[in-house]
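[1] What shape does this take:
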Amino acid sequence: FKHMAENSREALCREMRLVSYAAGVVLDTSWQPSTDPNVWRILVHGRVAAISIESLSCCPVWFFETGQTFARSYLNLFATDGVNKARMETVVASKCLEVVLPPWLQSSFRMWTRPLCYEELSGYFSFSINEAAERLGICPSAIKRICRRQGLHRWPHRKMCSIARQMMSIEHKLKNENPNPGEGESYHAALKEELMEAV
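    As a prediction, this is how the structure comes out:
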């Protein structure tokens, strides 16, 4: 909401309602028409799963945690017409703030609150974390949270720069240093080992 004008933010906050759900409640499905497609939910407490349903199986593909925002339109990320369907379901007893957005605010709100996948985030590893956050329009702590969920404990920009420098150094050695004729294979093996340690 921080990107909204103050009067718009206040109007939306007045319209919010707190709703409690038991575990296992299906909030939305991709195959049934929604009673109100403009409803957005802010998860105050609990956990909600986006579940992909294929012909023989179903499996959770994304989890919304406390503090995250989602809407029915997110199911389009996980459902493919004719191939699989998707649903959003509470994993545990959950509480959500629900708000109905006016149509003029839908596209902006979707951009401000969309889920960010690890694969999308990995395209920004070549930038510092602050620069990546600025380009994505989110705060660095949100990026760190996504990385930690994926088992990545540090933003990899510095490590990638270090590896790139080491690779350039090894390439330079290969081009400019000529080992003795009998030592060529062992020299290349040593450089290969050095590169593998860097990576």
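
[2] Please make it C-alpha for all contacts and neighbour counts, starting now.
    Fine.

[3] residues contacting Trp31?
    With contacts defined as CA atoms under 8 Å, 6 or more residues apart in numbering, the neighbours of Trp31 are 85-86.

[4] so when I look at Ala86, I'm seeing a helix, right?
    No: counting by DSSP: H, G, I helix; E, B strand; the rest coil, Ala86 is not found in a helix; it is strand.

[5] burial measure for it, as a count.
    Using other CA atoms under 10 Å as the criterion, Ala86 is surrounded by 25 other residues.

[6] so the closest residue to it other than its chain neighbours, which of the three states?
    Once its chain neighbours are removed from consideration, Ala86 has its nearest residue in Ser52; the separation is 4.4 Å (CA to CA, 6 or more residues apart in numbering). Look at Ser52: counting by three-state DSSP, its state is strand.

[7] Identify the bridge partners of Ser52.
    Beta bridges link Ser52 to Cys59, Ala86 when assigned by DSSP bridges.

[8] Could you measure from it over to Leu121?
    Taking CA to CA, to the nearest Å as the criterion, Ser52 is separated from Leu121 by 22 Å.

[9] These two - which one has more neighbours?
    Comparing Ser52 with Leu121 by neighbour count (other CA under 10 Å), the higher total belongs to Ser52, at 22 against 15.

[10] residues touching that one, list them.
    Taking CA under 8 Å, 6+ apart as the contact definition, Ser52 lies against 58-61, 78-79, 84-87.

[11] Just the helices from this structure, written as ranges.
    For the chain, the helices identified by DSSP state H occupy 6-15, 103-113, 118-122, 129-136, 140-149, 157-176, 184-198, in order along the chain.

[12] And the ones you listed, which one averages the lowest pLDDT?
    The weakest mean pLDDT among these belongs to helix 103-113, with a mean of 58.

[13] Quick check, Ala86 in contact with Ala49.
    No: the pair Ala86 and Ala49 fails to qualify as a contact (CA atoms under 8 Å) at a distance of 10.1 Å.

[14] what does stretch 6-22 contact?
    1, 90, 92-101.

[15] want to throw these into CSV with neighbour count, pLDDT and distance to Lys159?
    As requested, the contacts of stretch 6-22 are arranged in CSV below (neighbours: other CA atoms under 10 Å; pLDDT from 0 to 100; distance: CA to CA, whole Å):
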residue, neighbour count, pLDDT, distance to Lys159
Phe1, 13, 56, 34
Thr90, 21, 93, 38
Val92, 16, 94, 38
Ala93, 15, 95, 41
Ser94, 20, 95, 39
Lys95, 20, 94, 40
Cys96, 23, 92, 39
Leu97, 18, 89, 40
Glu98, 21, 89, 42
Val99, 18, 84, 42
Val100, 16, 81, 44
Leu101, 16, 75, 42
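
[16] Okay, and which of these map to strands?
    The strands, defined by DSSP state E, take in 90, 94-100 from the contacts of stretch 6-22.
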